[in-house]
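Participant: Just the structure for this:
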Amino acid sequence: MENKGNRYDDEFRADAMRLVKEGGRSVNKVAKDLGINPQTLRNWLGEDKKRQIPDKTRIIELEAQLRAEKRKTKDLEETVDILKKAAAFFANHDRK
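Facilitator: A predicted model of the protein is given here:
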């Protein structure tokens, strides 16, 4: 029995997609030059595009994480300012 589901390796697929994306060539031209069905190449490009777009849940999680990190950064900056003022106060207080 022959497995027709995965005839092309990942490197071949990546090269074919790169020719379309970066080479400025049409799907039909690349497919013809490589001897593959144009729809196959379109399918690969569609699957690749879906992999590159994070789902909404992941985006929401990343946004929440970013907000938390910004709050933490602000708190740390305020702490540094307070410590600088305290250090200056004690440095001047010791001179008297």
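Participant: Which helix runs longest in the chain?
Facilitator: For the chain, the helix with the greatest residue count under DSSP state H is helix 56-95.
Participant: got the buried residues for that one?
Facilitator: Using 16 or more other C-beta atoms under 10 Å as the test for burial, helix 56-95 gives no buried residues. The C-beta positions use only the backbone N, C-alpha and C, and glycine is treated the same way.
Participant: Same question for stretch 7-26.
Facilitator: 13, 16-17, 19-20.
Participant: Tell me how far residue 9 lies from residue 16.
Facilitator: 11 Å (C-beta to C-beta, to the nearest Å).
Participant: Which secondary structure element is home to residue 50?
Facilitator: helix 38-52 (DSSP states H and E).
Participant: cool, and residue 20?
Facilitator: Applying DSSP H and E as the criterion places residue 20 in helix 10-21.
Participant: what distance separates that helix from the centre of its chain?
Facilitator: Computed by C-alpha atoms, centre = their mean, to the nearest Å, the chain-centroid distance of helix 10-21 equals 19 Å.
Participant: Could I get the average pLDDT for that helix?
Facilitator: The average pLDDT for helix 10-21 rounds to 93.
Participant: go on, stretch 86-96?
Facilitator: 83.
Participant: Could you list the alpha-carbon positions for that stretch in CSV?
Facilitator: Extracted in CSV, the C-alpha atoms of stretch 86-96 (Å, rounded to 0.1, in the frame of the first residue of the first chain):
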residue,chain,number,x,y,z
ALA,A,86,16.2,57.6,51.6
ALA,A,87,19.8,57.2,50.7
ALA,A,88,20.2,60.9,49.9
PHE,A,89,18.4,61.8,53.2
PHE,A,90,20.7,59.6,55.3
ALA,A,91,23.8,60.7,53.4
ASN,A,92,23.0,64.4,54.2
HIS,A,93,21.9,63.5,57.8
ASP,A,94,25.3,61.8,58.5
ARG,A,95,27.2,65.0,57.5
LYS,A,96,25.5,67.1,60.2
